[in-house]
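fold the stuff below for me.
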Amino acid sequence: MPPKIRAALSRYRVSAFVVGWGLILLVLLMILKYGFGGATGRFDWTVAVWGPIHGVLYVVYVLLAFDLAYKDRWSLLGILKVILAGVIPGVSFVAERWVHRSVLARRKI
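The predicted structure follows:
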């Protein structure tokens with residue numbers, strides 16, 4: 001595997017892990033806010049702080065996915081699958097494994 005693709009794959013894998021856990025945390029914080037915060041607004045600040053941080057992390061994930069896709073010449077459908085995997089809690093972990101195995105095996109995504 002070319003070094004540029006290996007480096008892009010490593011960056012993508014880290015971002016998929018971070019975004020996956022970040023989204024799970026955001027969902028948990030939203031459950032706290034809307035399920036247990038009620039009218040008191042005790043947990044409003046948690047989503048207000050973590051939401052934008054997760055948004056930035058997701059943008060970085062998308063950029064790194066595009067970088068890997070460009071270097072490994074993915075199809076448009078493959079790119080869309082990987083990008084959408086970052087918005088469903090837990091699916092980015094599955095997509096990361098799929099991408100990792102496919103890139104190592106030199107299969108087109």
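
quick one, helices of this protein?
3-31, 44-72, 76-85, 91-104 (DSSP state H).

average pLDDT for the second one?
Yep, that's helix 44-72 we're talking about. Helix 44-72 shows a mean pLDDT of 96 in the predicted model.

same thing with the first one?
Along helix 3-31, the predicted local confidence has a mean pLDDT of 96.

for the shortest one, same thing?
pLDDT averaged over helix 76-85 equals 96, rounded to a whole number.

list the buried residues for that helix?
Gly78, Ile79, Lys81, Val82, Ile83, Ala85 (16 or more other CB atoms under 10 Å). Bear in mind the C-beta positions are built from the backbone N, C-alpha and C, glycine included.

still on that earlier bit, can I get the helices of the chain in TSV with distance to Gly38?
Below are these laid out as TSV (distance: least, CB to CB, whole Å):
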stretch	distance to Gly38
helix 3-31	13
helix 44-72	11
helix 76-85	33
helix 91-104	30
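
which of those sits closest to Gly37?
helix 44-72 (6.3 Å; CB to CB).

which strands and helices lie in contact with that closest one?
Counting contacts by 3 or more CB pairs under 8 Å, 6 or more residues apart in numbering; DSSP states H and E, helix 44-72 packs against helix 3-31, helix 76-85, helix 91-104.

in JSON lines, list those along with distance to Pro52.
Output for the helices and strands packed on helix 44-72, formatted as JSON lines (distance: least, CB to CB, whole Å):
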{"stretch": "helix 3-31", "distance to Pro52": "10"}
{"stretch": "helix 76-85", "distance to Pro52": "19"}
{"stretch": "helix 91-104", "distance to Pro52": "19"}
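
that older thread, tell me the one among the buried residues of helix 76-85 nearest to Ala65.
Val82 (5.0 Å).

surely that closest one is in contact with Phe66?
No: between Val82 and Phe66 there is no contact, the gap being 9.3 Å when judged by CB atoms under 8 Å.
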